[in-house]
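**Q** Okay, structure incoming, though there's no sequence with it:
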């Protein structure tokens, strides 16, 4: 169902600039920050805490409990920290806005209800895994096939909603939305349908929809996909890059990665790979895209991006293909000329971006790693579902600067505002300060 709601009228009334102040300034508008690459702005980096401990209260300014569960990473605009949650059975889906100064709940609203959500079929995921994105006058929430909405940040009421964009996630939703100009881009890699679509962010109307062109090579003797299409699903979030004169949308799916025209959705290039469940966001540096391919033996692949990158470029534009010890859930990042990543089991790596070889490979901490790491020029912050928050030097020599602890799992990526870390644990949002 596609609905433009009465709140749209409210959102467009000029309040002397007050409406825009609801999410301004945009400290951390995307789950990976203002530049979508997990790099903390320098002005913020200088003030970040190094050490904390939730049990003793060291460095914890406040901690606020929330209802439900979710991997959704917090995003921050103005005075508010936004994230979503859902009941364990997926029948109710909520949005939260918490005052970043005092931890008080400003908004806690029911966004969607579902009569019979598909069972997750695994203990890892939940129904509120996709993250929100912010603009100065809008909050966009996304729950995959269960619904997408634009909210008025003053009231948390829906401006528009879409509940008619559907696919069978089979193991729950995971891909987060991404903003590009006037477009809100959504990714659906289910077991039955595999496509990206861009909505007009102001009205919610569909601008383009592009189906994946992937040959999944998974048909059984009966002509049907193996395991109901389990090898076709993925959970990646796209990024954007200027290639020549064209703005490209880069997206990793099961068995293939793609570059599309951001404004039209037209496919420009593809590479094939053998993995599925791709969950990370590509990194782009100096005309090269670095993509993690997901489960089934995750690879890290470097793809040359220029005006000749067109069609199937698996054999022509892959600079290197790293086939061991790679991240399968957490997104990599690049800073100081190195690429850093962490495997699901907690092995951190500094990778030579020209060759794909290890510069160092060391265990960061116990636990499983789902959230994306955070980086400043001096430090890397890693968070695990065992509650560890490990700070490592951001350079070619492995050095642990601090080993910190939360009392609960951390599966969401952290956010930053005014030099404070905002970390979502299993049942609380915590503000961590020096």
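**A** Arrived safely, thanks for sending. Here the structure is a predicted model, which means the values were calculated and not measured.
**Q** shaky segments in the protein?
**A** For the chain, the stretches flagged by pLDDT under 70 are 1-23.
**Q** domain ranges for it?
**A** The record's domain split for the chain, according to automatic domain parsing, is 1-50+65-237+422-434, 240-325, 332-371+373-412.
**Q** mind putting the ones you listed in CSV, mean neighbour count included?
**A** From N, CA and C alone the C-beta is placed, and that goes for glycine too. CSV is the format used below for the domains of the chain (neighbours: other C-beta atoms under 10 Å):
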stretch, mean neighbour count
domain 1-50+65-237+422-434, 19
domain 240-325, 20
domain 332-371+373-412, 20
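**Q** Tabulate those domains (CSV), appending distance to residue 59.
**A** Output for those, formatted as CSV (distance: least, C-beta to C-beta, whole Å):
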stretch, distance to residue 59
domain 1-50+65-237+422-434, 5
domain 240-325, 28
domain 332-371+373-412, 8
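**Q** What segments of the stretch 51-200 of the chain are strands?
**A** Read by DSSP state E, counting those that start in this stretch, the stretch 51-200 of the chain holds these strands, from start to end of the chain: 60-65, 75-77, 80-86, 92-99, 105-113, 133-135, 138-142, 148-151, 158-162, 178-180, 183-189, 194-200.
**Q** Now do the first one and strand 92-99, the angle between them.
**A** Here the directions of strand 60-65 and strand 92-99 differ by 160 degrees (axes from the mean of the first three to the mean of the last three C-alpha atoms, to 10 degrees).
**Q** mind listing what the residue nearest to residue 194 when sequence neighbours are not counted touches?
**A** Spatially, and ignoring its direct neighbours in sequence, residue 194 is nearest to residue 212 (4.0 Å; C-beta to C-beta, 6 or more residues apart in numbering). Under the criterion of C-beta atoms under 8 Å, 6 or more residues apart in numbering, the neighbours of residue 212 are 189, 194-196, 253, 256, 258.
**Q** likewise residue 127?
**A** 70, 86-87, 90, 93, 117, 120, 143, 146, 172-173.
**Q** That one and residue 253, how far apart?
**A** As judged by C-beta to C-beta, to the nearest Å, residue 127 and residue 253 stand 21 Å apart.
**Q** Please apply the same query to residue 185.
**A** 14 Å.
**Q** Tell me who's in contact with the nearest residue to residue 345 once chain neighbours are set aside.
**A** Excluding its sequence neighbours, the residue lying closest to residue 345 (C-beta to C-beta, 6+ apart) is residue 368, at 7.0 Å. Under the criterion of C-beta under 8 Å, 6+ apart, the neighbours of residue 368 are 329, 344-346, 384-386.
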